[in-house]
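J.: Here is my input; please provide its structure:
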Amino acid sequence: MAKKRTTKKKKTVRKAAKKKSTAKKKTASKKSSRRSGQSTSKKKSSAKKKTTRKKSSSRKGGGLESDIKRVDKEILKLINKRSQLTERLYEKRPEKKASIYDPHADDATLNELMEANPGPLPNEMVRSIFRDIISSAKSHVKMTRVAYLGPKYSFTHFAAVKRFGKGADLVPVSTIASVFEEVNRGHAEFGLVPIENSTDGRVVDTLDMFTRLPLRICGEVLVSVHHNLMSRCPRSEITEIYSKPQALSQCRDWLARNMPDARLIEVTSTSAAAQLAREKPGAAAVASQQAAVEYDLQIVAEKIEDNKDNVTRFAVIGDHLQKPTGSDRTALLLQIPHEPGSLSDALNIFKRNKLNLTWIESFPLRGEEQGYLFFLDFEGHENDPKVRKTLSQLEKGAVRLEILGTYPRSETLN
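T.: Below you'll find the model as predicted:
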């Protein structure tokens, strides 16, 4: 009996132990399940947060893109509206031909816009954008054909765009004489030619053509001229440098100091030089930044001109008489007797009438005749009383006197 009771007790103890063990396992399993659930929950929560951030970021990018598209449409609408109003303005004017070319009014409009510009868009970009809007609108009323000393991407082309905009019909010709002939024959309404440079002085070919053909200066464009050395090879491998004579002259000191072993070769234009630099191994060109872009050249040295204030003045030629603006120049061609004191007498007339001479150049007479022609610029409009009086007094002692033109003064453009 005692043995049976002991056996039963042992069985009961074992069963209790098994129950405790099972309970412990269940408890551990539940805890493990809770931990894995918490871990999964945390992972899901983290994933949700990341998704939310991505969606938020996407919404921000999408918001900016939609804002840009909306603003683009508004700008496009306003540009076309501005163009339509400009067309209507010029269509209503009685003298369309005269009103289409009005450099003083155009410059005043562009200057007002630049003064009102809050940024960050640079003023020069504002000028360029509005100049082309106005130019395009004018071309719908009347297309303006302009002959200029080419080819494209030369400094004269740059000046033509600055004055007439890309809406004009800009026609490149190969020589200064050809520009004059195109205008004189009526093939172009205007011509654009260089007349002087602050480093090299007068442009002889231009002055010579004024003695040959009866054309007027009806405007000027002053452009800051910056020359750049450009090539497709490293600077150390450059053996030849091409450019037009004037450009090489304006950089002669820099080239002598920095490229003493390179051969300098003159060509007809800076654009032709850039084309040669693109095609010939070891070749470089002295040309404008725009030429480097157009001919896919690397600028290896920028602004190499010796005079950092290097400015070229271009003359707009045609048959337009400009109205007084209050800031004008008048250009003269003057021949005086070839005798002592005649030049002094002529210049004293300007002094007595208090007219400021801004430019004077001499040009030898052709043939056997001795003496000089003088090209003069002075402040004032030819219809001003002081100017009329001066011209009358000059004419009395002159062998030849011609008014080459009266035109508004221009600011220097970059």
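J.: Give me the pLDDT value at Lys19.
T.: The per-residue pLDDT reported for Lys19 equals 55.
J.: ah, wrong one, I meant Ser99
T.: Reported pLDDT for Ser99: 76.
J.: Over to Lys31?
T.: 51.
J.: cool, and the one 10 residues further on?
T.: What the model reports for Ser41 is a pLDDT of 52.
J.: ok, and for stretch 339-352, which residues are buried?
T.: Within stretch 339-352, the residues that count as buried by 16 or more other CB atoms under 10 Å are Ser342, Leu343, Ala346, Ile349, Phe350. C-beta here means a position set from N, CA and C on the backbone, and glycine is covered the same way.
J.: Identify the residues contacting Arg372.
T.: Not Arg; residue 372 is Tyr. Listed by CB atoms under 8 Å, 6 or more residues apart in numbering, the contact set of Tyr372 reads Gln335, His338, Ser362, Phe363, Pro364, Leu365.
J.: Return the distance of it relative to Phe363.
T.: 6 Å (CB to CB, to the nearest Å).
J.: try Val300
T.: Taking CB to CB, one finds Val300 at 39 Å from Phe363.
J.: Repeat that for Tyr90.
T.: Taken as CB to CB, the span from Tyr90 to Phe363 is 39 Å.
J.: Closest one to Pro103 out of the buried residues of stretch 339-352, please.
T.: Comparing these against Pro103 with CB to CB picks out Phe350 as the nearest, at 25.3 Å.
J.: For Leu321, which three-state class applies?
T.: coil (DSSP: H, G, I helix; E, B strand; the rest coil).
J.: So it is in contact with Thr406, correct?
T.: Yes - the criterion here is CB atoms under 8 Å, and Leu321 meets it with Thr406 at 7.0 Å.
J.: Please enumerate the strands of the stretch 51-200 of the chain.
T.: 145-149, 169-173, 190-197 (DSSP state E, counting those that start in this stretch).
J.: Distance from the last one to the middle of the chain?
T.: Taking the mean of its C-alpha atoms, strand 190-197 sits 18 Å from the chain's own mean (CA atoms, centre = their mean, to the nearest Å).
J.: how much does that strand deviate in direction from strand 169-173?
T.: In terms of direction (axes from the mean of the first three to the mean of the last three CA atoms, to 10 degrees), strand 190-197 departs from strand 169-173 by 60 degrees.
J.: So in that sheet, which strands flank strand 190-197, and in what orientation?
T.: Applying DSSP bridges, strand 190-197 is found paired with strand 145-149 (parallel), strand 201-202 (antiparallel), strand 311-318 (antiparallel).
J.: Sort out which one of the buried residues of stretch 339-352 lies nearest Phe180 for me.
T.: Using CB to CB, the buried residues of stretch 339-352 come closest to Phe180 at Ala346, 26.6 Å.
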